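Starting from these lines, generate the structure:
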Amino acid sequence: MSQPLRGKTAIVTGSSRGIGRAIAEVLAADGASVVVNYVGNRKAADDVVAAISANGGKALAIQADISMPADVRRLFDETESRLGAIDIVVANVGIAVIKPLVEASEADFDLVFGTNAKGTFFTLQEAAKRVRDGGRIIAVSTGGTKMFFTQTALYLGSKGAVEQFVRVLSRELGPRGVTVNALSPGFTDTELLPERDRAVAAGMSPFGRIGAPRDVADVAVFLASDEARWLTGENIQAGGGVA
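Numbers count the residues shown, from 1 in each chain. The predicted structure is shown next:
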């Protein structure tokens, strides 16, 4: 079986479940050694590592709270110590607080922006310092930033910041041959998508369904591949045609 990423090392933040887990599993299936990052659920992360190992892949779990820059640095330190130089970083962590803008508290703001914007910023910063020349950096945003939804100001605002980080960093790392792209999933079968919204979401896609985590993961792994070497600074929509 072809493994185009054999010999590569990848970090996927927030990869104990959902889209992050799917990305970690597909990267490993393509030959990469993968760090499965988690914040609190060690069993879920160990389950991902076990699933990857059962399929012949290589993975290890590392705990780190991405909202804390010191933890981000430790995540990269441990990865380099245990797996060597880093080739691929997928900044996938994301949380949402869904409520009208006028009801959002300072604590809500700090929680969402602290994880989605601040956490991703410092993940991208470490990736920029440590990824080998010719490497790949991918930040997961959301298709929601190009749509109009109520009660999502915090989530979409934080992800909008991520998209601007990507645009700037792609210019800064271009001379090293490092690509930096955003990946924006649409409605996907994860715990972030409320059950009440799923039928409507499916009807918005020409395919008549919501996405599976693997649908998004395959696009992420393409962005991590050599075939994506001419893509940088882009926001790739992986939403099944939802516009």
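
Just want to check the distance between residue 25 and residue 4.
As for residue 25, its distance to residue 4 is 16 Å (criterion: Cβ to Cβ, to the nearest Å). C-beta: built from backbone N, CA, C; applies to glycine.

more crowded one of the two?
Taking other Cβ atoms under 10 Å, residue 25 and residue 4 do not tie; residue 25 has more neighbours (24 against 14).

do you know how far the more buried one is from residue 45?
Taking Cβ to Cβ, one finds residue 25 at 12 Å from residue 45.

Now tell me which helix or strand of the protein has the poorest mean pLDDT.
When each helix and strand of the chain is scored by mean pLDDT, DSSP states H and E, helix 198-203 comes last, with a mean of 93.

Now that helix - C-alpha only, CSV.
Written as CSV, here are the backbone C-alpha positions of helix 198-203 (Å, rounded to 0.1, in the frame of the first residue of the first chain):
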residue,chain,number,x,y,z
ARG,A,198,-29.0,18.3,11.2
ALA,A,199,-32.0,17.9,8.8
VAL,A,200,-31.8,21.5,7.7
ALA,A,201,-28.0,21.3,7.4
ALA,A,202,-28.3,18.2,5.2
GLY,A,203,-30.8,20.0,2.9
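
now it: how far from the chain's centre is it?
23 Å (Cα atoms, centre = their mean, to the nearest Å).

Repeat that for stretch 198-205.
Per Cα atoms, centre = their mean, the centroid offset for stretch 198-205 relative to its chain is 23 Å.

which other residues reach that stretch?
186-187, 193, 208-211, 239-242 (Cβ atoms under 8 Å, 6 or more residues apart in numbering).
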